[in-house]
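>>> sequence plus predicted model, see below.
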Amino acid sequence: MAAHGKKYSSLREKAPEGILELGEALAFLKDNPVAKFDETVELSIKLGLDSKKSENSVRGTVALPHGTGKDVKVLVFATGPAADAAREAGADFVGNEDMIEKVKGGWTDFDVAIATPEAMKEVRKLGRVLGPRGLMPNPKTGTVTDDTAAAVKQSKAGKVEFRMDRHGNIGVPCGKLSFEAGLLAENVESVLRAVRGEKPASAKGVYFKKCVVSTTMGVGVRINVRD
């Protein structure tokens, strides 16, 4: 593991050790930038679930009220009117067989992949490429649909996907450090509500075991979240 720089180490020493209210935590991050670029603020959640049990799967999407601050590149697998609608809605890449072949070759220079149900017959064969990167279209997240225009607009506007990994963790980008603290807080709270809404019916005990906000190059600060 690469060693952290002096600036990170110095910040680590003065980072609060306790659990802060969200506003206090965001204020600390904004007052202590590490990188020269506009860092992403991420919310990391440790869930109190046994990730080995299939019934404990947690996955969904959330529309951030103030977006991610990132120019989201959208790929749409479609033909005919659905392809035309995707282009008009602002999709960056639109196609079917040509795009499938390109992705088979290892190309993944996009953030969101959308497909029509018809296109999914072939797109599902891209699982080895798209699956590990979290880019496979899925009906549960609204990325398998005939309404490609709506899906493209939602993705461009700040709709993000979240999914619990095998360790019970979820990480979601919530905006840029340059955002006003209040806007960042609203984005974070939207994610918390969305994850809370996906709590499995069989879940018992503490759902949110630990929640941390951090920046791309900075330290994490634990926040107070009530189940």
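Structure received.
>>> and the helix ranked longest in the chain, C-alpha only, in PDB?
The residue-count maximum for a helix in the chain (DSSP state H) belongs to helix 181-197. In PDB, the C-alpha atoms belonging to helix 181-197 read as follows (Å, rounded to 0.1, in the frame of the first residue of the first chain):
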ATOM      1  CA  ALA A 181     -22.400  22.700   2.700                       C
ATOM      2  CA  GLY A 182     -26.200  22.800   2.800                       C
ATOM      3  CA  LEU A 183     -26.500  21.300  -0.700                       C
ATOM      4  CA  LEU A 184     -24.100  18.500   0.200                       C
ATOM      5  CA  ALA A 185     -26.100  17.800   3.300                       C
ATOM      6  CA  GLU A 186     -29.300  17.500   1.300                       C
ATOM      7  CA  ASN A 187     -27.600  15.000  -1.100                       C
ATOM      8  CA  VAL A 188     -26.200  12.900   1.800                       C
ATOM      9  CA  GLU A 189     -29.600  12.800   3.500                       C
ATOM     10  CA  SER A 190     -31.300  11.800   0.300                       C
ATOM     11  CA  VAL A 191     -28.900   8.800   0.000                       C
ATOM     12  CA  LEU A 192     -29.500   7.800   3.600                       C
ATOM     13  CA  ARG A 193     -33.300   7.900   3.100                       C
ATOM     14  CA  ALA A 194     -32.900   5.800  -0.100                       C
ATOM     15  CA  VAL A 195     -30.700   3.200   1.600                       C
ATOM     16  CA  ARG A 196     -33.000   3.100   4.600                       C
ATOM     17  CA  GLY A 197     -35.900   2.500   2.300                       C
END
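>>> report the angle between the axes of the very next helix or strand once past it and helix 181-197?
Counting by DSSP states H and E, the next helix or strand C-terminal to helix 181-197 is strand 208-215. Per axes from the mean of the first three to the mean of the last three C-alpha atoms, to 10 degrees, the angle that strand 208-215 makes with helix 181-197 is 150 degrees.
>>> which parts of strand 208-215 are buried?
208, 210-215 (16 or more other C-beta atoms under 10 Å). Every C-beta, even on glycine, is put in place using the N, C-alpha and C of the backbone.
>>> likewise for stretch 11-29?
11, 15, 20, 22, 25-26, 28-29.
>>> which members of these are the farthest-apart pair?
11 and 22 (19.2 Å; C-beta to C-beta).
>>> contacts only, for residue 35.
The neighbours of residue 35, taking C-beta atoms under 8 Å, 6 or more residues apart in numbering as the test, are 215-218.
>>> show me what contacts the residue lying closest to residue 138 once chain neighbours are set aside?
Distances taken as C-beta to C-beta, 6 or more residues apart in numbering put residue 144 closest to residue 138, at 6.1 Å, once the chain neighbours are dropped. Going by C-beta under 8 Å, 6+ apart, residue 144 touches 114-117, 120, 137-138.
>>> do residue 212 as well
Residue 212 touches 43-44, 220-223, counting by C-beta under 8 Å, 6+ apart.
>>> give me the residues contacting stretch 215-222.
8, 11-12, 15-16, 18-20, 25, 28-29, 32-35, 37, 39-42, 44, 177, 210-214.
>>> which of the residues you listed fall within strands?
40-42, 44, 210-214 (DSSP state E).
>>> ok, which pair from those residues is furthest apart?
40 and 210, at 19.8 Å, using C-beta to C-beta across the ones in strands among the contacts of stretch 215-222.
>>> could you list the domains of the chain?
6-67+160-222, 74-157 (automatic domain parsing).
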